[in-house]
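Asker: any chance you could fold what I've pasted below:
(one chain, ligands or ions: 1)
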Amino acid sequence: MQINTPFFKQRAHDALADENLQKALAKLKTGFPEKRAIAVDRMPEFEQLRDEGRDLKNHILEHLDLYLEQFESKVIENGGHVHWARTTDDANQIILDICKQVDAKTVTKGKSMVTEEIGLNDFLEQNGVQPIETDLGEYILQLRHDHPSHIIAPAIHLNLEDVSEAFHANHNRPKSSDPAVLMQEAREVLREKFVAADVGITGANFCVAETGSTIIVTNEGNGDLTQTLPKTHIVVTSIEKVVPTLEDMTLFLRLLARSATGQEFSVYNTLSTGPRREGDQDGPENFHVVLVDNGRSEMIGTEFQDMLRCIRCSACMNHCPVYGAVGGHSYGWVYPGPMGSVLTPQMIGIEKGGMLPNASTFCGKCESVCPVKIPLPKLMRHWREDEFEKHLQPKAARYGLASWAFLAKRPALYKPYTRMASWLMKTWAGKNGRLKKLPLASGWTDWRDMPAPQGKTFMQTWKEQQKAKAGEQR
Ligand code: SF4
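Answerer: Model (predicted):
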């Protein structure tokens with residue numbers, strides 16, 4: 001997938017002016033967040049579960065090598081194969097080689113953000129293998145040559161009319177705007193693809209070390225058909241998805257469904273444990289797991305390790321005011337919203353991804369809803385520091401920050417300077433107390449007036465209030 005993160009600002013401007021997109025995004029404001037709130041209210045122990053989820057993930061990350069090796073040996077014991085992919089190129093080549101071994105012409109795919117991350121569809125097509133997305137949202141996007149804008153609702157940026165047009169242009173059937181008819185149409189078309197596919201590729205929400213199983217969580221059941229009908233099943237997932245036991249997995253499933261869609265449990269929770277065994281009625285003859293690293297192991301032991309706790313629930317983006325205003329495509333790569341603003345610079349480099357950690361109001365909502373308590377604002381701040389240290393920010397921002405730091409370290413200078421600045425701003429604002437223009441702050445004043453200070457600094461106001469309180473108590 002092409003990297004467009006350096007153009008975040010322009011893409012965000014375009015998104016704000018796109019009426020269709022704004023209509024589609026409006027659904028998000030009342031959809032997932034409200035459902036999550038209801039589900040959380042119904043579960044008094046939800047906060048305790050979040051703590052347990054955070055602690056368990058931290059434990060796993062401390063012993064990641066151990067659990068991954070246990071998972072690998074169990075998969076092999078069950079008759080499957082494990083492949084280690086350090087880079088995206090490694091992962092794509094491994095998957096293509098497996099497809100070639102079984103002479104695959106078409107592969108069906110369940111929804112998988114890791115395959116988006118490695119650009120698998122384009123790679124397979126370039127090498128003569130036709131991928132067919134089977135998650136309804138992903139299928140619609142594939143017909144439109146489009147990309148996901150959300151990690152669990154990939155086509156959230158589209159309206160019913162967009163879907164109707166995409167089906168009409170590709171299915172050679174009468175045009176319809178009835179969701180039930182469109183759904184039936186997709187079912188009929190995809191059933192044939194499921195049956196004809198040589199290979200099924202799915203992601204995995206979790207990999208269970210004690211049994212060598214992988215699990216996928218869906219609400220459509222397409223993942224089940226993808227992994228049971230073809231002769232070969234390839235699971236493409238990333239190394240941090242491993243959990244020690246089935247019981248640990250259920251803790252995360254409870255957190256995941258409530259945080260993502262407000263469900264108590266997702267509709268389909270499907271485990272795969274190796275290839276078909278003697279006496280099994282169905283299932284693949286070959287079972288492969290491709291474990292993708294792609295920079296994740298470099299996060300271990302750094303300030304970004306916490307990000308590897310992510311269970312891809314999407315709660316952070318569902319509650320993010322920036323995501324809600326500009327949508328996922330503005331972020332310019334695979335992972336949008338607050339989690340993407342931390343992960344993307346790690347994967348494509350801060351030089352290209354630096355815009356994203358700056359696209360935050362730091363309201364803290366993302367951290368407050370994250371089921372595994374990832375300190376997303378703190379991690380974005382780390383990226384901003386990294387950007388500053390590498391001299392990647394615009395000169396005006398760098399000099400502004402450096403001047404502020406110079407003053408802040410010298411209170412004898414800082415106090416009179418801020419007093420003077422505060423008085424000047426109040427005088428400049430005039431009677432209505434609002435500034436229409438301010439040097440170095442056009443990003444704010446181009447769009448709204450800035451309220452002027454009342455002629456006093458924060459410290460002066462605070463001291464006055466303390467004095468007044470002390471007076472009241474006497
Ligand atoms: S960062 Fe937290 S809230 Fe966001 S997708 Fe990951 S687990 Fe969910």
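Asker: now the one residue in the stretch 51-200 of the chain that gets nearest to the ligand, what's its secondary structure?
Answerer: When scored by C-beta to the nearest ligand atom, the stretch 51-200 of the chain has Ile151 as its residue closest to the ligand, at 6.6 Å. In this view, the C-beta of every residue, glycine as well, is placed from N, C-alpha and C. Local secondary structure at Ile151 is given as coil here, using DSSP: H, G, I helix; E, B strand; the rest coil.
Asker: quick check: it vs Val114, distance?
Answerer: Taking C-beta to C-beta, to the nearest Å as the measure, Ile151 and Val114 are separated by 11 Å.
Asker: what is the burial count for Thr106?
Answerer: Neighbourhood size, Thr106 [other C-beta atoms under 10 Å]: 16.
Asker: hey, which helix or strand in this protein has the poorest pLDDT?
Answerer: Within the chain, confidence by mean pLDDT, DSSP states H and E is lowest for helix 442-445 among all helices and strands, at a mean of 82.
Asker: up against the ligand, what does the stretch 151-300 of the chain have?
Answerer: With C-beta under 6 Å from any ligand atom as the criterion, the stretch 151-300 of the chain meets the ligand at residues Ser259.
Asker: tell me the confidence at the residue in the stretch 151-300 of the chain that the ligand sits nearest to?
Answerer: With distances taken as C-beta to the nearest ligand atom, the stretch 151-300 of the chain approaches the ligand most closely at Ser259, which sits 5.9 Å away. On the pLDDT scale, Ser259 is placed at 97.
Asker: how about residues contacting stretch 398-406?
Answerer: Contact with stretch 398-406 is made by Phe388, His391, Gln393, Leu440, as judged by C-beta atoms under 8 Å, 6 or more residues apart in numbering.
Asker: work out for me the element the second one sits within.
Answerer: If I follow you right, that is His391. Assessed by DSSP states H and E, His391 sits outside every helix and strand.
Asker: contacting residues around it?
Answerer: Residues in contact with His391 (C-beta under 8 Å, 6+ apart) are Arg398.
Asker: pLDDT score for it?
Answerer: 90.
Asker: pull out the buried residues from the helix or strand in which the residue of the stretch 151-300 of the chain closest to the ligand is found.
Answerer: Under the assignment given by DSSP H and E, the secondary-structure element containing Ser259 is helix 246-260. Going by neighbour count (16 or more other C-beta atoms under 10 Å), the buried part of helix 246-260 is Asp248, Met249, Leu251, Phe252, Leu253, Arg254, Leu255, Leu256, Ala257, Arg258, Ser259, Ala260.
Asker: in the contacts of stretch 398-406, find the pair that's most separated.
Answerer: Put simply, by C-beta to C-beta the two of the contacts of stretch 398-406 set farthest apart are His391 and Leu440, 18.3 Å from each other.
Asker: and Val235, its phi and psi?
Answerer: Here is the backbone geometry of Val235 (degrees, to the nearest 10): phi -100, psi 120.
Asker: residues touching it, list them.
Answerer: When contacts are counted by C-beta under 8 Å, 6+ apart, Val235 touches Ile201, Thr202, Gly203, Ala204, Cys207, Thr214, Ser272, Phe287, His288, Val289, Val290.
Asker: out of those residues, list just those in strands.
Answerer: Per DSSP state E, strands hold the following members of these: Ile201, Thr202, Cys207, Thr214, Ser272, Phe287, His288, Val289, Val290.
Asker: hmm, the first one is touching Val236, no?
Answerer: Translated: Ile201. Yes. Ile201 sits in contact with Val236 when judged by C-beta atoms under 8 Å, with a separation of 6.1 Å.
Asker: any residues in contact with both of those two?
Answerer: Shared contacts of Ile201 and Val236, counting by C-beta under 8 Å, 6+ apart, come down to Ile95, Ser112, Thr115, Leu120.
Asker: so which of those residues wins on neighbours?
Answerer: Thr115 (29 neighbours).
Asker: quick check: closest non-adjacent residue to that residue.
Answerer: Setting aside the residues directly before and after it, Thr115 is nearest to Val236 in space (C-beta to C-beta, 6 or more residues apart in numbering), at 5.3 Å.
Asker: in the helix or strand where the one you found lies, what's buried?
Answerer: Using DSSP H and E, Val236 maps to strand 232-238. By neighbour count with 16+ other C-beta under 10 Å, strand 232-238 contains the buried residues Thr232, His233, Ile234, Val235, Val236, Thr237, Ser238.
Asker: do a quick rundown of the strands in the stretch 1-150 of the chain.
Answerer: For the stretch 1-150 of the chain, the strands defined by DSSP state E, counting those that start in this stretch occupy 81-85, 106-109, 130-133.
Asker: out of these, which one sits most buried?
Answerer: Most buried of the strands of the stretch 1-150 of the chain, by mean neighbour count (mean count of other C-beta atoms under 10 Å): strand 106-109, with a mean of 24.
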